[in-house]
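Engineer: Coordinates for the following, if possible.
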Amino acid sequence: MGKFKKIQTDIEGLYLVEPTVFGDDRGFFMETWNKKDFLEIGLDLEFVQDNHSKSKKGVLRGLHFQKKNSQGKLVRCIKGKVYDVAVDLRKNSKTFGKYYGIELTEENKLMFYIPEGFAHGYLALTEEVEFLYKATNYYSPEYESGIIWNDEDINVEWPLKTYGIKEEDLILSEKDKKLQTFRQYIGETK
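Structural biologist: Numbers count the residues shown, from 1 in each chain. This is a model prediction of the structure:
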């Protein structure tokens, strides 16, 4: 048996990756990346950058992407719980403009592979969250862009009520408050 299980989502190319976790009364051990084992499950990836973020409950980051030098990401939550979202921005995809959301937690240890061509964001659901991700391309601030978190066309069902978060209490960066709508993005890319 391999160390990783690839789980297809309802959007082509977007996968959950379930690691094998070895646990006992001392704690646990797991591999989170192994090129050979990822090749065995059909994910041929080259990562060039690792990122680590910390957030408090109610922080919403995203929905981010790069207009050029698009990044694929392998993300996971190592402390707390997040609702993680990927939006398909691949124009020729049958799921263009659709999103997939999943809770990633320190308990479920799931990883989420988001390929190039997607916008990505997450909402911190617990008092303290630590989030890691590997990227297939370097961060290019000159190409950064995004779509507003509450876009009416994409209509992400963020679990605010479930976790006692009021919309007015969301914590967004000034940049994220000013992101474009999906319709503006479509107009920009014609």
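
Engineer: Which positions in stretch 132-147 come out as buried?
Structural biologist: 132-137, 145-147 (16 or more other CB atoms under 10 Å). For the C-beta atoms, the positions are set from N, CA and C on the backbone; glycine is no exception.

Engineer: could you dump it to CSV, C-alpha only?
Structural biologist: Extracted C-alpha coordinates of stretch 132-147, given in CSV (Å, rounded to 0.1, in the frame of the first residue of the first chain):
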residue,chain,number,x,y,z
LEU,A,132,1.1,25.3,5.2
TYR,A,133,1.4,25.1,1.5
LYS,A,134,3.9,24.1,-1.2
ALA,A,135,3.8,26.0,-4.5
THR,A,136,4.8,24.9,-8.0
ASN,A,137,5.9,28.4,-9.0
TYR,A,138,7.3,31.4,-7.2
TYR,A,139,5.2,34.2,-5.8
SER,A,140,5.1,37.0,-8.3
PRO,A,141,3.6,40.1,-6.7
GLU,A,142,3.4,42.0,-10.0
TYR,A,143,0.9,39.3,-11.3
GLU,A,144,-1.2,38.8,-8.1
SER,A,145,-4.9,39.1,-8.5
GLY,A,146,-8.1,37.7,-7.0
ILE,A,147,-11.8,37.5,-6.8
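
Engineer: before we move on, the earlier item: ok, so of the buried residues of stretch 132-147, who is nearest L89?
Structural biologist: The closest of the buried residues of stretch 132-147 to L89 turns out to be I147 (CB to CB; 8.3 Å).

Engineer: Leaving out chain neighbours, which residue sits closest to the closest one?
Structural biologist: Of all residues not flanking I147 in the chain, L63 sits nearest, at 4.6 Å (CB to CB, 6 or more residues apart in numbering).

Engineer: Please flag which of the buried residues of stretch 132-147 sit within strands.
Structural biologist: Members of the buried residues of stretch 132-147 lying in strands (criterion: DSSP state E): 132-135, 145-146.

Engineer: Show me the shaky parts of this protein.
Structural biologist: Scanning the chain for pLDDT under 70 picks out the ranges 1, 189-190.

Engineer: Now with 80, please.
Structural biologist: Scanning the chain for pLDDT under 80 picks out the ranges 1-2, 188-190.

Engineer: Show the residue spans covered by the strands in it.
Structural biologist: 4-8, 15-19, 21-24, 27-30, 49-56, 60-66, 73-79, 81-88, 99-105, 111-114, 118-124, 128-135, 144-146.

Engineer: in the second one, what counts as buried?
Structural biologist: By that I understand strand 15-19. 15-17, 19.

Engineer: for stretch 143-155, the distance to its chain's centre please.
Structural biologist: Counting by CA atoms, centre = their mean, to the nearest Å, stretch 143-155 is centred 14 Å from the centre of its parent chain.

Engineer: same thing with stretch 60-79?
Structural biologist: 5 Å.

Engineer: Give me the buried positions along it.
Structural biologist: Here stretch 60-79 shows 60-66, 70-77, 79 as buried, counting by 16+ other CB under 10 Å.

Engineer: Then stretch 117-136?
Structural biologist: Using 16+ other CB under 10 Å as the test for burial, stretch 117-136 gives 117-126, 129-136.
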